[in-house]
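Asker: sharing a model prediction with you, sequence too.
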Amino acid sequence: MRQDTLRNGDIVEVKSPGEILATLDAQGATDGLPFMREMMQYSGRRFVVSKRAQKICDTVHWTGSRRVPEAVMLEDLRCDGSAHGGCQAECRLFWKESWLRRVEPDAPSQPGEDPSSGRELARLSNENATRGSDIGAKVGIRYRCQATELHDASERLRTFDPRPYLREYTCGNVPFMRFLRISARALAQEALRKLRLRSNLPLRGTRSKSTRDRALHIQPGEVVRVKSREEIAATLTPDSKTRGLWFDHEMLPFCGGTYRVRRRVSRIIDERSGEMIELKSDCLTLENVVCSGEHSTARWFCPREIYPYWREAWLERVTPEQEKGSDAPLPEPVTANR
């Protein structure tokens with residue numbers, strides 16, 4: 001498949017295990033991007049292209065924006081962590097174009113193939129899901145996934161090169177009005193930041209030191225209200241953290257909104273080291289509340305839609321009585337698809 005041929009809205013079919021195997025190296029990757037065991041369940045199925053991976057954020061080395069060549073994202077397909085120790089980060093999956101074929105909506109599906117190809121793809125993916133152990137450093141399993149390999153599987157983009165920003169519009173990732181809105185805001189904010197008239201911190205906390213708040217034991221499915229900026233600032237230290245967890249610029253638009261809790265996160269893979277981190281403090285994600293890519297300095301337009309993590313101290317429980325007392329539905333969250 002030629003470079004940059006797929007666009008937002010195209011219908012594609014995930015190729016068969018045998019076809020995907022033919023594109024992978026001994027590490028189970030194509031151009032450094034692993035095909036993970038969690039992706040096999042989608043083989044033979046059809047999806048709509050959501051975005052091209054033209055301008056993604058680097059959460060490994062924080063180098064700004066990067067581009068994954070010949071790769072796209074499909075709808076809201078996310079890793080379930082089943083082959084990576086039960087990681088709960090729920091990262092969006094990247095798909096190399098060589099793993100996909102464009103199809104017409106009414107085109108018949110491709111015929112099935114020998115099951116041995118599926119077994120071989122599963123074996124290769126499972127073998128490369130970990131790096132083994134580092135006994136000398138007293139470190140156990142180090143995981144290997146798309147997120148840990150994303151830096152090496154991508155190309156760095158210069159922050160002030162206008163071409164990557166323009167490509168977000170010309171490739172179909174971003175509609176024109178959203179492109180203008182984000183670009184204008186980014187230019188204004190960057191100018192203010194250079195003049196030191198705008199802080200790099202989303203909120204300047206008022207706590208002198210980190211302290212533990214009363215546990216609320218909020219559970220998945222419950223409805224919560226995100227506190228106001230002022231209320232959240234009162235829980236933060238001057239570096240915009242509560243017990244080590246950063247409150248991000250991308251979280252500001254959700255202040256004051258009401259959302260349903262998606263899950264309590266207890267384990268995630270450290271994208272730099274590959275180690276599994278067991279989270280000791282409360283850490284929650286909210287349904288459909290994701291990073292929009294509109295407010296992150298030098299990482300504008302990123303389509304990864306990462307779930308931000310929320311401390312209970314930033315939330316308050318909405319009781320069933322309060323829910324019933326309001327005729328308004330839960331507000332639709334801001335996402336990167338707008």
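Answerer: Perfect, thanks for sending it.

Asker: which residues of the stretch 1-150 of the chain score low on pLDDT?
Answerer: 1-4, 132-139 (pLDDT under 70).

Asker: the helices in the stretch 201-338 of the chain, which residues?
Answerer: With DSSP state H, counting those that start in this stretch, the ranges of helices along the stretch 201-338 of the chain come out as 229-233, 320-324.

Asker: need the least confident one among those helices, by mean pLDDT.
Answerer: Ranked by mean pLDDT, these end with helix 320-324 at the bottom, a mean of 75.

Asker: help me confirm that Gln41 is found in a strand?
Answerer: No: judged by DSSP: H, G, I helix; E, B strand; the rest coil, Gln41 forms no part of a strand; its state is helix.

Asker: rewinding a little: nearest to Asp106, of the helices of the stretch 201-338 of the chain?
Answerer: helix 320-324 (43.1 Å; Cβ to Cβ). (Glycine included, C-beta is placed from N, CA and C.)

Asker: for the chain, longest helix please?
Answerer: helix 176-194 (DSSP state H).

Asker: state the mean pLDDT of that one.
Answerer: 91.

Asker: likewise stretch 271-291?
Answerer: Mean predicted confidence for stretch 271-291 is 97.

Asker: mind listing what's buried in it?
Answerer: 271, 273-276, 282-291 (16 or more other Cβ atoms under 10 Å).

Asker: go through the helices of the stretch 201-338 of the chain and pick out the most buried.
Answerer: Among these, helix 229-233 has the highest mean neighbour count (mean count of other Cβ atoms under 10 Å), at a mean of 16.

Asker: just the CA coordinates for that helix, please, in CSV.
Answerer: Coordinates of each C-alpha in helix 229-233 appear next as CSV, following Å, rounded to 0.1, in the frame of the first residue of the first chain:
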residue,chain,number,x,y,z
ARG,A,229,-10.2,24.9,39.0
GLU,A,230,-10.1,26.7,42.3
GLU,A,231,-11.1,23.6,44.2
ILE,A,232,-8.5,21.5,42.4
ALA,A,233,-5.8,24.1,42.9
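
Asker: how near is Thr170 to Phe176?
Answerer: From Thr170 across to Phe176, the span is 10 Å (Cβ to Cβ, to the nearest Å).

Asker: looking at these two, which is more packed in?
Answerer: Thr170 (12 against 8; other Cβ atoms under 10 Å).

Asker: ok, now which ones touch the more buried one?
Answerer: With contacts taken as Cβ atoms under 8 Å, 6 or more residues apart in numbering, Thr170 has no neighbouring residues.

Asker: returning to that earlier point: for the longest helix of the chain, which positions count as buried?
Answerer: Arg178, Phe179, Ile182, Ser183, Ala186, Gln189, Glu190.

Asker: same check, this time on stretch 49-69
Answerer: 49-60, 64-69.

Asker: domain parsing for the protein?
Answerer: 11-153, 162-194, 223-324 (automatic domain parsing).

Asker: can you redo these as CSV with distance to Ser210?
Answerer: Output for the domains of the chain, formatted as CSV (distance: least, Cβ to Cβ, whole Å):
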stretch, distance to Ser210
domain 11-153, 22
domain 162-194, 26
domain 223-324, 5
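
Asker: so which of the ones you listed comes closest to Pro202?
Answerer: Of all the domains of the chain, domain 223-324 comes closest under Cβ to Cβ, at 4.3 Å.

Asker: my guess is Glu155 contacts Pro69. True?
Answerer: Yes: counting by Cβ atoms under 8 Å, Glu155 touches Pro69, with 6.7 Å between them.

Asker: quick check: pLDDT value at the closest residue to Val290 other than its chain neighbours.
Answerer: Spatial nearest neighbour of Val290, excluding adjacent residues (Cβ to Cβ, 6 or more residues apart in numbering): Glu305 at 4.0 Å. Listed pLDDT for Glu305 reads 97.

Asker: same deal with Thr170?
Answerer: Confidence score, pLDDT, at Thr170: 94.

Asker: of all the domains of the chain, which one comes closest to Arg214?
Answerer: domain 223-324 (8.5 Å).
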